[in-house]
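Undergrad: Below is the sequence, then the predicted model.
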Amino acid sequence: MTPELLRAPSRAVRSRIMDNARWQAYRPRPDDIIIGTYSKCGTTWVQRIVSMLVFRSAAPRPILEDSPWLDLRTRDLTASVENIEAQTHRRYLKTHLPFDALPVYEGVKYIHIGRDGRDAAMSFHNHLANFSHDAIRRNNEVSQADEKFGDDWLPISESAAEFFSNWVADGGGALGDEGASFFSVESSYWAARNESRMLLVHYNDLKADRDGEIRRIADFLDIDIPATLWPEIVAAAGFDAMKAQGEMLLVP
């Protein structure tokens with residue numbers, strides 16, 4: 001049975017990176033999980049944690065395949081939807097959209113990870129500055145073909161200080177749409193913090209008490225994990241462990 005639509009998106013967001021119109025192709029299931037963040041706020045970290053909880057296993061799985069980013073404009077939408085529809089496990093999808101740009105369905109649960117904006121901006125700078133030539137080409141093609149932009153991405157400054165200044169001036173790294181900015185994303189999830197379908201996690205809390213925060217996520221998702229498996233899951237969610245398994249977790 002298709003879950004009831006409780007609230008349609010209240011605004012459109014189309015930046016150089018993402019487009020919430022792509023969510024019109026989403027066909028929800030009543031136990032779906034949506035992991036929503038601004039870029040570089042711990043998205044992959046929580047995807048990895050949710051993966052281990054869903055599969056009740058600390059074995060590495062391909063995050064990009066298991067947990068597609070539906071609003072990403074450089075990915076083929078038909079292929080992404082086919083991937084999602086073919087999944088037989090409990091699905092967990094990724095988004096960088098603000099909460100009010102997403103459809104809300106009965107039974108679907110949403111996890112938001114917040115982070116200090118200064119840390120997010122610096123991590124975002126490192127991420128963008130290391131884009132491959134192919135990634136830059138694909139992003140330029142999307143931007144050039146969109147009548148809203150019609151040009152290439154602006155070059156990323158090598159200076160972290162200059163990037164941060166531009167990031168703030170852009171409203172928090174909006175990349176072409178105010179709704180995609182850090183401040184819009186954070187405020188939208190914060191406004192929904194008391195909704196039963198929403199769980200807010202902070203990056204620093206997850207660093208300080210990984211065991212406790214993973215348990216909080218498991219409780220929110222109504223997932224029971226055998227006590228004997230907890231130490232393995234907590235250890236596998238550490239930065240060193242994820243870095244060591246990076247090639248298996250981030251298979252393109």
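TA: Good, I have the coordinates. Numbering: from 1, shown residues only.
Undergrad: can you list contacts of the worst-scoring helix or strand of the chain on mean pLDDT?
TA: The helix or strand of the chain with the lowest confidence, counting by mean pLDDT, DSSP states H and E, is helix 246-249 at a mean of 85. The contact list for helix 246-249 (CB atoms under 8 Å, 6 or more residues apart in numbering) reads Thr44, Arg48, Pro60, Arg61, Pro62, Ile63, Met242. (Each C-beta comes from the backbone N, C-alpha and C, glycine too.)
Undergrad: residue contacts, the fourth one?
TA: Read it as Arg61. Applying CB under 8 Å, 6+ apart to Arg61 gives the contacts Ser51, Phe55, Met248, Leu249.
Undergrad: in stretch 189-198, what's buried?
TA: For stretch 189-198, burial by neighbour count (16 or more other CB atoms under 10 Å) applies to Tyr189, Arg197, Met198.
Undergrad: got the contacts of helix 246-249 as TSV, with pLDDT and secondary structure columns?
TA: Converted to TSV, those look like this (pLDDT from 0 to 100; DSSP: H, G, I helix; E, B strand; the rest coil):
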residue	pLDDT	secondary structure
Thr44	94	helix
Arg48	96	helix
Pro60	93	coil
Arg61	93	coil
Pro62	94	coil
Ile63	91	helix
Met242	92	helix
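Undergrad: Scan those residues and report the most crowded one.
TA: Arg48 (25 neighbours; other CB atoms under 10 Å).
Undergrad: Quick check: it touching Leu64?
TA: No. In this structure, Arg48 is not within contact of Leu64 by CB atoms under 8 Å, at 11.5 Å.
Undergrad: buried residues in stretch 85-100?
TA: Buried residues in stretch 85-100, counted by 16+ other CB under 10 Å: Arg91, Tyr92, Leu93, Lys94, Thr95, His96, Leu97, Pro98, Phe99, Asp100.
Undergrad: Kindly report the same for stretch 149-157.
TA: Quick answer for stretch 149-157 (16+ other CB under 10 Å): Phe149, Trp153, Ile156, Ser157.
Undergrad: can you pull the contacts of Glu162?
TA: By CB under 8 Å, 6+ apart, no residues touch Glu162.
Undergrad: My error: substitute Met1 in the last question.
TA: Met1 neighbours (CB under 8 Å, 6+ apart): Pro30.
Undergrad: Would you mind putting the CA coordinates of the least confident helix or strand of the chain into PDB?
TA: Below are the C-alpha coordinates for helix 246-249, written out as PDB (Å, rounded to 0.1, in the frame of the first residue of the first chain):
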ATOM      1  CA  GLY A 246      36.500   3.400   1.800                       C
ATOM      2  CA  GLU A 247      37.000   1.600  -1.500                       C
ATOM      3  CA  MET A 248      34.200  -0.900  -0.600                       C
ATOM      4  CA  LEU A 249      31.900   1.700   0.900                       C
END
